[in-house]
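Q: let's see this in three dimensions:
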Amino acid sequence: MKTNQSIGKLASAALLITMSPAFGQSPDLGLFSNHGDIGSVLKPGSAEFDSAKGAYLVGGGGGNMWITNDAFHFVWKQMSGDVALSANIRWIGTDGNAHRKACLILRQTLEPNSAYADAVLHGNGLACLQYREAPDAQTREIQSSAANPARLCIQRRGAYVSLYIAAPGETLHPAGGSFRIQLNESFYLGLGVCAHDNNVLEQAEFSNVEITPLPSNPAVSPAIESTLEVFTLAPMERRVVYHTSDHIEAPNWSQDGQYLLINRNGRIYQLPATGGQPRLIDTGIAVHCNNDHGISPDGKLLAVSDQSGDDNKSRIYVLPLSGGSPRRVTPQGPSYWHGWSPDGRTVAYCAERNGQFDIYTIPVGGGVEKRLTTAPGLDDGPDYSPDGKYIYFNSERTGRMQIWRMRSDGSRQEQMTDDEYNNWFAHPSPDGKWIVFLSYPKDVNGHPENKDVMLRLMPAGGGKIQVLTKFFGGQGTINVPSWSPDSLRFAFVNYQPVYP
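A: Got it, this is the predicted structure:
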C-alpha cells in the first residue's frame, strides 16, 4: 500500500483515492467524502471530523501552494455548478510560519499543478484569494484589506470567483476583488492546510462549515459593488485598497505616491494608497465631474472634465490639487481630459467636433486647441509618454479598437496592437518601459461598464503582450493614468455583482 505517496503522483487519481482507505478514507467526514496529501509532502497530513462540534481538524505539511505546484493536505468532495463554501477558521498554535495557509478550495483536479481558486487565511492573519488559471500556470493573488477575519467564504458564480469575509459577530460581506477563471464540471471542493514548511505539520480548525449551492440564474438582479485595487507587477498580485457599494471610477496616483484620486457621483475624492476612507476635494462649481481627471506632473494642479454647464457638455477645467475654484481650459464641448504633457504646459484630450471624435491638445494657460487625428472613426484616450515624445491613444480606424501612438505633434501615427480584442486606454509607466491597457472581447463595442475584461501589459515600443488579470469591469476601470510614481504598481477599479 502506497500510504506515503502523494495523490498528485498517481494516475487516475480521483478514482484511486475514492476507493482506497490508504489515502485517508474516513468513516465520517461530514460534508466531505475523502482526504489526502496533494503534491510532494514530507509529513503526511490528517483530517478529523467532530460531529458533536461540527468541526474539522485538518493537519497539513508541504512547502507551499504557489507558483506552478502545490503541496498540502486536502479534504474534499466533488461538486458541479455554482456554489459557496464558508467556514470559521482558527489556527491551532501561534508559532507557525507566517505564510502557512488554511484554505477553502475549488480545484479542478487532484494533481499538484491543477487549476484552482481558494480563499486563504494565512498564519499572520492575511486573508486573500489565490488562483491558478490553468495547469502549470503561475499562481496569482488578490489580498484583502481586512486582517484576521473569523469567517471566510469562497463563492463561485459562472466563471467568477469572489471572497466574502466576516469579523467576529459580523455576517459575511464582500471583501472586494474577484476574478474570472474557467473551472470545468465537475471540480473538487473542500478544506486545505499547507504548513509552508515541509519539515513541520500545521493544524487548523474549520467550524460551522457550510456548502451552499447557488442558483445559476438568480431571479433577483445583483447590485454592482466597486473595489479600488492596486496591481503590483512583481510578484503579479492584486491588493484591495477600498471596497464600497457605491459606484467609483478612474483612479489617479499622486506624484508623491501617498494617495489615490477617484470620482464618485460627480465629485472627486482622495484616499490613502494604503487604504482608508475617501475625503472630498472641493472642486467649486465643477460638481458633475466624469471619470476623466488627472494630476499635473508637478503635483500642484488637478484637471477635471465636468459637465455642469447649461448645455451639459463636458469641458476641461484646472484647479489647485488641494481644492479651489476651477478655471476653464477648453471653451468648446464635449472635451474629455486624458493626459498632461511632462512639462505640465499642455493637456491632451478627446473631443467631439462636428460629429467626429478626435485627439486634441491645448495649452493649459489658454489658447487655441490643435487637432492631431483626422482618421474616420473614434480616436480616444490620449496619454503622453514620460519623455513627451509620443502620445499613445486608441483608434478604431482599422475596424477594431486598437492601441496606437504618434509624435506629440500628431505626426508618424503608428499602430501598436493588432489582435482579436478591442483595446482601450493605453497608459505608459513613468519609467517609460511599459504600457498597461484595457481589453474587451471583439464583440463588445465602445467601452461599456460591467463586461468581461482584461488588463494587459506590453513594452512601450511594442512587442509581446501579457495578460495581467481577468475580471468584471470596463468603463471606469482604468480610463485615466494610474501608475504609481515608481512604476512598480498601478491602480484600477474592479466591479463585482453581489446578490442579496
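Q: next, the buried residues of the strand or helix carrying Met406.
A: Using DSSP states H and E, the secondary-structure element containing Met406 is strand 402-407. For strand 402-407, the buried set under the neighbour-count rule, 16 or more other Cβ atoms under 10 Å, comprises 402-406. Every residue, glycine included, has its C-beta placed from N, CA and C.
Q: quick check: Ser245 vs Asn422, distance?
A: Applying Cβ to Cβ, to the nearest Å, one obtains 29 Å for the distance of Ser245 from Asn422.
Q: for the two, indicate the residue with more neighbours.
A: Asn422 (21 against 11; other Cβ atoms under 10 Å).
Q: report the beta-bridge partners for that one.
A: Tyr440 (DSSP bridges).
Q: circling back to that earlier point, adding pLDDT and distance to Val287, write the buried residues of strand 402-407 out as TSV.
A: What follows is those, written out as TSV (pLDDT from 0 to 100; distance: Cβ to Cβ, whole Å):
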residue	pLDDT	distance to Val287
Gln402	98	35
Ile403	98	33
Trp404	98	34
Arg405	98	35
Met406	98	34
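Q: do a quick rundown of the strands in the stretch 401-500 of the chain.
A: With DSSP state E, counting those that start in this stretch applied, the stretch 401-500 of the chain shows strands at 402-407, 414-415, 422-428, 434-440, 451-459, 466-473, 489-498, listed in chain order.
Q: mind putting those into TSV with distance to Val240?
A: Putting the strands of the stretch 401-500 of the chain into TSV (distance: least, Cβ to Cβ, whole Å) gives the following:
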stretch	distance to Val240
strand 402-407	28
strand 414-415	35
strand 422-428	21
strand 434-440	19
strand 451-459	15
strand 466-473	12
strand 489-498	9
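Q: of all these, which lies closest to Phe72?
A: Relative to Phe72, the nearest member of the strands of the stretch 401-500 of the chain by Cβ to Cβ is strand 466-473, separated by 24.0 Å.
Q: angle of that closest one against strand 451-459?
A: Interaxial angle, strand 466-473 versus strand 451-459 (axes from the mean of the first three to the mean of the last three Cα atoms, to 10 degrees): 160 degrees.
Q: chain center to strand 466-473: distance?
A: Centroid displacement of strand 466-473 relative to its chain, using Cα atoms, centre = their mean, to the nearest Å, is 7 Å.
Q: which elements pack onto that strand?
A: Secondary-structure packing of strand 466-473 (3 or more Cβ pairs under 8 Å, 6 or more residues apart in numbering; DSSP states H and E): strand 173-180, strand 451-459, strand 489-498.
Q: rewinding a little: so which of the strands of the stretch 401-500 of the chain is nearest Gly284?
A: Nearest to Gly284 among these is strand 489-498; the distance by Cβ to Cβ comes to 25.2 Å.
Q: what residues of that closest one count as buried?
A: Counting neighbours by 16+ other Cβ under 10 Å, one finds that the buried residues in strand 489-498 are 489-498.
Q: quick check, nearest of the residues you listed to Trp66?
A: Each of the buried residues of strand 489-498 was scored against Trp66 by Cβ to Cβ, and Arg489 proved nearest at 20.2 Å.
Q: and which of the buried residues of strand 402-407 is nearest to Pro430?
A: Minimum distance to Pro430 across those is 16.6 Å, recorded for Arg405 (Cβ to Cβ).
Q: show me the contacts for that closest one.
A: Arg405 makes contact with 385, 390-393, 413-414, 416, 426 under the criterion Cβ atoms under 8 Å, 6 or more residues apart in numbering.
Q: per-residue confidence at Ser216?
A: Model confidence at Ser216, expressed as pLDDT, equals 85.
Q: surely it is within a helix?
A: No. Secondary structure assignment (DSSP: H, G, I helix; E, B strand; the rest coil) places Ser216 in coil, not in a helix.
Q: you'd agree it is up against Asp82?
A: Yes. Counting by Cβ atoms under 8 Å, Ser216 does reach Asp82; the two are 5.2 Å apart.
Q: hmm, which of the contacts of Arg405 are the buried ones?
A: Buried among these by 16+ other Cβ under 10 Å: 385, 390-393, 413, 416, 426.
Q: burial count for the closest residue to Gly177 other than its chain neighbours?
A: Across the structure, with Cβ to Cβ, 6 or more residues apart in numbering as the measure, the residue nearest Gly177 apart from its sequence neighbours is Ile142 (4.0 Å). Applying other Cβ under 10 Å, we find 27 residues neighbouring Ile142.
Q: now name the helix or strand holding Ile142.
A: The secondary structure element spanning Ile142 is strand 140-147 (assigned by DSSP H and E).
Q: got the buried residues for that strand?
A: Within strand 140-147, the residues scored as buried using 16+ other Cβ under 10 Å are 140-146.
Q: that strand pairs with which strands, and in what direction?
A: Paired strands of strand 140-147, with direction, are strand 126-132 (antiparallel), strand 237-244 (parallel) (DSSP bridges).
Q: domains in this protein, by residue range?
A: Taking automatic domain parsing as the reference, the chain has its domains at 7-213, 223-498.
Q: out of these, which gets the lowest mean score?
A: Lowest mean pLDDT within the domains of the chain: domain 7-213, at a mean of 91.
Q: how far out from the middle of the chain is that one?
A: The gap between the average C-alpha position of domain 7-213 and the chain average comes to 21 Å, counting by Cα atoms, centre = their mean.
Q: how about stretch 417-430?
A: Centre to centre, stretch against its chain (Cα atoms, centre = their mean), the figure for stretch 417-430 is 17 Å.
Q: now do the buried residues in that stretch.
A: Of the residues in stretch 417-430, those buried by neighbour count under the rule 16+ other Cβ under 10 Å are 417, 421-430.
Q: same check on stretch 186-196?
A: Of the residues in stretch 186-196, those buried under the neighbour-count criterion (16+ other Cβ under 10 Å) are 187-196.
Q: now render the residues you listed as a markdown table, adding secondary structure.
A: What follows is the buried residues of stretch 186-196, written out as a markdown table (three-state DSSP):
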| residue | secondary structure |
| --- | --- |
| Phe187 | strand |
| Tyr188 | strand |
| Leu189 | strand |
| Gly190 | strand |
| Leu191 | strand |
| Gly192 | strand |
| Val193 | strand |
| Cys194 | strand |
| Ala195 | coil |
| His196 | coil |
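Q: what's the closest of the buried residues of strand 489-498 to Arg345?
A: Proximity of the buried residues of strand 489-498 to Arg345 (Cβ to Cβ) peaks at Phe490, which lies at 24.9 Å.
Q: so what's the closest one bridging to?
A: Here Phe490, judged by DSSP bridges, has bridge partners Phe231, Trp483.
Q: do Val436 as well
A: Val436 forms beta bridges with His427, Leu457, as assigned by DSSP bridges.
Q: look at it and say how many residues are nearby.
A: Val436: 22 surrounding residues under other Cβ under 10 Å.
Q: quick one: it and His427 touch, right?
A: Yes. Counting by Cβ under 8 Å, Val436 touches His427, with 5.4 Å between them.
Q: joint contacts of the two?
A: Looking at what touches both Val436 and His427 (by Cβ under 8 Å, 6+ apart), the common residues are 478, 483, 490.
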